[in-house]
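>>> Quick one, fold the following:
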Amino acid sequence: MSTHISDTVRYSRRSVAGIAAVAVLAAALVGCSPSEEDDQKVITIFGEQGGQMDLNTNSFTLLMEEKFDVDIQFETTGYESGAANEARQVSLAGGDLPEAYMLVPWASQFNKAELQRYGDQGVILPLNELIDEYAPNIADALAAEPGFESLATAPDGKIWGLPQWNDCYHCSYPYKFWINTEWLTTLGLEAPTTPDEFFDVMMAFKTGDPNGNGVADEIPITGSAQWSVVPYIMNAFVSNSFNTGAGANGQPVSLGLDGDTVQMQTMQDGWREGLKFLNKLWAAGLIDPAAFSQGDDTMQGTGNNAEAVILGGATAIHSGIFVSVGQEDGRDNQYFPIPPLDGPAGPNATYQLPSIPGATFVVTKAADETEQKVIMEMMDYLFTEEGHMRGEFGEENIGWRAAEEGEVALDSELEATFFDILVDEENEADYNGSWGPMAQVFETTEFRNAQVAPLDINTQPGYERRLFEATQLYEGKDSDAIFPYWDLWVPVEEGNELSTLTANIESNVATSTAEFVTGVRDPNNDGDWNGYLDGLQGLGVDRYLEIWQAAYDAS
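Just a heads-up that it's a prediction; the model follows:
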């Protein structure tokens with residue numbers, strides 16, 4: 001989720017997977033008596049980093065300190081969502097708030113309910129006047145992109161924080177199924193177009209020895225706690241946005257629309273039929289036993305298996321999630337997406353706004369007026385062309401370069417403007433030369449699609465074009481049943497209640513779905529199905545729907 005190979009894979013190269021512990025800061029403002037002038041030059045920011053990146057020694061941090069005459073002290077956590085959210089909550093609950101939070105969307109950004117709650121409590125500050133006074137580039141961006149302004153502005157007109165605006169085309173349809181096309185060729189098969197054909201192809205993957213090693217080691221379908229096997233397949237039976245873990249990101253992904261009526265897609269007859277089909281796949285041994293529990297690293301280990309290519313396919317925003325890009329044996333070029341399956345509900349694709357509702361940037365009550373000014377000026381710099389390129393990509397000709405004559409943009413109708421250089425993990429000026437996804441604050445369609453993208457999609461530099469073309473298989477096949485939760489605000493007085501309902505209900509759906517697929521519960525058994533529905537009633541699903549219906553009606 002921003003989870004994109006100019007975002008995901010690029011940043012996963014900038015960040016070896018792992019969880020960074022919250023850094024311990026020297027108590028710069030405690031236990032000493034600096035002058036007020038000196039005190040105002042020290043700004044603490046809670047930020048997120050990965051791998052070899054060190055925000056406190058990062059060359060872009062040093063540039064910002066010099067440019068704005070400020071000492072930036074970062075409290076840091078990693079990109080893994082569970083640990084990042086915990087670290088952020090610890091930071092908020094502690095006695096010493098940072099002056100600002102600068103987060104990445106898929107890790108621990110604030111959701112809308114939190115923004116309103118912390119705003120009402122005075123923990124975070126409204127940004128409207130600060131933007132007007134100190135941030136002309138942010139003001140211009142809000143005026144130029146109505147969707148950005150709408151996402152950032154609460155119903156009372158206050159801007160409690162800024163989301164990242166990221167017009168990532170391939171992120172708009174995150175649940176693509178990437179199939180091993182070499183195996184299809186080896187077995188003389190066509191790409192499946194219906195659930196029944198999908199089952200037959202996966203069975204052939206399991207039994208036909210497509211990797212040719214004489215061993216029954218093939219895993220037709222895998223997944224992870226973050227990238228569920230469910231949504232792509234389920235879309236053939238009922239339109240859905242279902243996902244788990246980081247994919248759900250605390251959002252109401254079980255909901256959908258029947259006309260203008262908000263309903264639980266995960267309580268519909270179509271959902272049950274989809275569970276029956278998924279259970280059939282499981283019972284036939286076609287789904288990886290670890291698919292509902294393993295992390296992305298373990299899933300990618302399956303795709304990267306050293307002994308042989310053993311993976312048939314997976315649902316993911318891009319194939320780099322489950323197989324490393326640029327491998328010597330070229331196995332990553334075996335996986336290409338297939339269109340949505342044409343099942344009882346028709347060929348549905350899940351559209352999601354690629355910009356996540358909430359905020360990655362907030363200013364807290366710990367910032368005095370001088371610090372507020374400096375923080376806003378720094379953020380405003382990231383909205384300039386110079387600041388954006390330097391902050392997200394690094395130094396020119398190290399992290400990126402200008403487009404050269406004859407190079408083609410991702411959208412061939414646009415003039416190519418820049419080339420995103422793959423990270424040199426041996427060069428600190430490269431891997432520690434930018435803020436990466438933390439600085440991806442405002443990216444329009446025009447900006448993203450003007451980057452250089454080689455025509456050969458089977459190369460690492462051409463991977464972004466590969467994702468662009470893959471998404472064209474899904475565009476326009478999204479359903480009117482998709483619930484646009486990103487456009488809605490819930491009244492602050494219902495925020496705590498809704499947070500509890502969301503956590504309980506979405507968690508229950510995710511757990512129950514895994515149980516139905518794996519046979520712990522039987523989707524063919526009326527008692528098991530009705531017990532699941534009763535359980536959701538007991539968790540307050542009617543109230544959950546009532547709150548979201550009111551928010552939808554108000555929009």
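>>> tell me the phi and psi of V517?
With angles defined as degrees, to the nearest 10, V517 sits at phi -70, psi -40.
>>> Identify the spatial nearest neighbour of it, chain neighbours not counted.
Of all residues not flanking V517 in the chain, L278 sits nearest, at 4.5 Å (CB to CB, 6 or more residues apart in numbering). For every residue, glycine as well, the C-beta is placed using N, CA and C.
>>> Keeping just the C-alphas, turn stretch 95-102 into PDB.
Provided in PDB are the C-alpha atoms of stretch 95-102 (Å, rounded to 0.1, in the frame of the first residue of the first chain):
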ATOM      1  CA  GLY A  95       5.800  12.700  28.200                       C
ATOM      2  CA  ASP A  96       7.900  14.300  25.500                       C
ATOM      3  CA  LEU A  97       6.100  14.700  22.200                       C
ATOM      4  CA  PRO A  98       8.200  15.300  19.100                       C
ATOM      5  CA  GLU A  99       7.400  18.600  17.400                       C
ATOM      6  CA  ALA A 100       6.300  16.800  14.300                       C
ATOM      7  CA  TYR A 101       5.500  13.400  12.800                       C
ATOM      8  CA  MET A 102       6.600  12.500   9.300                       C
END
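>>> For that stretch, what is the distance to the chain centroid?
Chain-centre distance of stretch 95-102: 24 Å, with CA atoms, centre = their mean, to the nearest Å.
>>> one step back: how deep is the residue nearest to V517 tucked in, by neighbour count?
Using other CB atoms under 10 Å, L278 has 25 other residues around it.
>>> Over to it: give its phi and psi.
Main-chain torsions, L278, degrees, to the nearest 10: phi -60, psi -40.
>>> Identify the residues contacting G346.
Counting by CB atoms under 8 Å, 6 or more residues apart in numbering, G346 makes contact with S479.
>>> Sorry, slip of the keys, the one I care about is G250.
111, 502-503, 506.
>>> Need these in a markdown table (columns: secondary structure, pLDDT and distance to T76).
Below are the contacts of G250 laid out as a markdown table (DSSP: H, G, I helix; E, B strand; the rest coil; pLDDT from 0 to 100; distance: CB to CB, whole Å):
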| residue | secondary structure | pLDDT | distance to T76 |
| --- | --- | --- | --- |
| N111 | coil | 90 | 21 |
| T502 | helix | 92 | 28 |
| A503 | helix | 89 | 26 |
| E506 | helix | 93 | 29 |
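>>> isn't V253 right up against S239?
No: using CB atoms under 8 Å, V253 makes no contact with S239, being 11.9 Å away.
>>> still on that earlier bit, between the contacts of G250, which sits nearest A481?
Distance to A481, by CB to CB, is smallest for E506 among the contacts of G250, at 17.6 Å.
>>> Go ahead and confirm the closest one touches L255.
No: using CB under 8 Å, E506 makes no contact with L255, being 9.5 Å away.
>>> Neighbour count for these two, which is higher?
Comparing E506 with L255 by other CB under 10 Å, the one with more neighbours is L255, at 26 against 23.
>>> Skipping its backbone neighbours, what lies nearest the more buried one in space?
L255's closest residue in space is F483 (CB to CB, 6+ apart), at 4.3 Å.
>>> I would like the residues contacting stretch 389-408, please.
Under CB under 8 Å, 6+ apart, the answer for stretch 389-408 is 59-60, 63, 381-382, 409, 415-421, 423-424, 427, 429-430, 433-437, 439-440, 452-455.
>>> measure A510 to A470 for me?
Distance of A510 to A470, computed by CB to CB, to the nearest Å: 26 Å.
>>> again, but for Q265
Separation of Q265 from A470 (CB to CB): 25 Å.
>>> do D258 as well
Relative to A470, D258 is positioned 30 Å away (CB to CB).
>>> Looking at those two, which is more packed in?
More crowded of D258 and A470, by other CB under 10 Å: A470, with 20 against 11.
>>> got the contact list for the closest residue to the more buried one other than its chain neighbours?
In space, A470 comes closest to P337 once its chain neighbours are excluded; the distance is 4.4 Å by CB to CB, 6+ apart. Each residue near P337 by CB under 8 Å, 6+ apart is listed here: 176-179, 470, 473-474.
>>> Can you give me the buried ones in the helix or strand hosting E114?
Assessed by DSSP states H and E, E114 sits inside helix 112-120. The neighbour-count check on helix 112-120 (16 or more other CB atoms under 10 Å) flags 112-119 as buried.
>>> which one among these gets closest to E86?
The nearest member of those to E86, counting by CB to CB, is E114 at 14.4 Å.
>>> quick one: contacts for the closest one?
Each residue near E114 by CB under 8 Å, 6+ apart is listed here: 358, 495.
>>> rerun at 7 Å
With CB atoms under 7 Å, 6 or more residues apart in numbering as the criterion, no residue contacts E114.
>>> Quickly note the distance from it to V104.
16 Å.
>>> same question, V509
From V509 to V104 the distance is 26 Å (CB to CB).
>>> Which one's more surrounded, those two?
Per other CB under 10 Å, whichever of V509 and V104 has more neighbours is V104, with 28 against 25.
>>> wait, doesn't that one sit right on P437?
Yes: judged on CB atoms under 7 Å, V104 makes contact with P437 at a distance of 4.4 Å.
>>> which element follows the helix or strand containing E86 toward the C-terminus?
Secondary structure from DSSP H and E places E86 in helix 81-93. Remark: after helix 81-93, the chain's next helix or strand is strand 100-102, criterion DSSP H and E.
>>> picking that back up, selection in PyMOL covering whichever of the contacts of stretch 389-408 are buried, please.
In PyMOL syntax, the buried subset of the contacts of stretch 389-408 is picked out as below (16+ other CB under 10 Å):
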select buried, resi 59+60+63+381+382+409+416+417+418+419+420+421+423+430+433+434+435+436+437+439+440+452+453+454
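>>> So which of the contacts of stretch 389-408 are in strands?
Among the contacts of stretch 389-408, the members falling in strands (DSSP state E) are 418-420.
>>> where does the stretch 301-450 of the chain have low pLDDT?
Within the stretch 301-450 of the chain, not a single segment meets pLDDT under 70.
>>> quick one: the helices in it?
Taking DSSP state H, counting those that start in this stretch as the test, the helices found in the stretch 301-450 of the chain are 369-382, 385-393, 428-431, 445-449.
>>> packing partners for the longest one?
Contacting helix 369-382 under the criterion 3 or more CB pairs under 7 Å, 6 or more residues apart in numbering; DSSP states H and E are the following elements: strand 42-48, helix 59-68, helix 128-134, helix 136-144, strand 361-363, helix 385-393.
>>> For this protein, name the helix or strand with the lowest mean pLDDT.
Using mean pLDDT, DSSP states H and E, the weakest-scoring helix or strand in the chain turns out to be helix 8-14, at a mean of 36.
>>> mind listing what's buried in the host helix or strand of K280?
Using DSSP H and E, K280 sits within helix 269-283. Using 16+ other CB under 10 Å as the test for burial, helix 269-283 gives 270-279, 281-282.
>>> from those residues, which is closest to N530?
Out of the buried residues of helix 269-283, the member with the shortest distance to N530 (by CB to CB) is R272, at 10.5 Å.
>>> hang on, the closest one packs against N524?
No: if you go by CB under 7 Å, R272 and N524 don't touch, sitting 8.9 Å apart.
>>> hey, where'd the helices end up in the stretch 101-250 of the chain?
Here the stretch 101-250 of the chain has its helices, by DSSP H, counting those that start in this stretch, at 105-108, 112-120, 128-134, 136-144, 146-152, 181-187, 195-207, 230-234.
>>> contacting residues for the nearest residue to E475 once chain neighbours are set aside?
Leaving aside its sequence neighbours, E475 sits nearest to Y173 (CB to CB, 6+ apart; 6.7 Å). Neighbouring residues of Y173 by CB under 7 Å, 6+ apart: 349-351, 471, 474-475.
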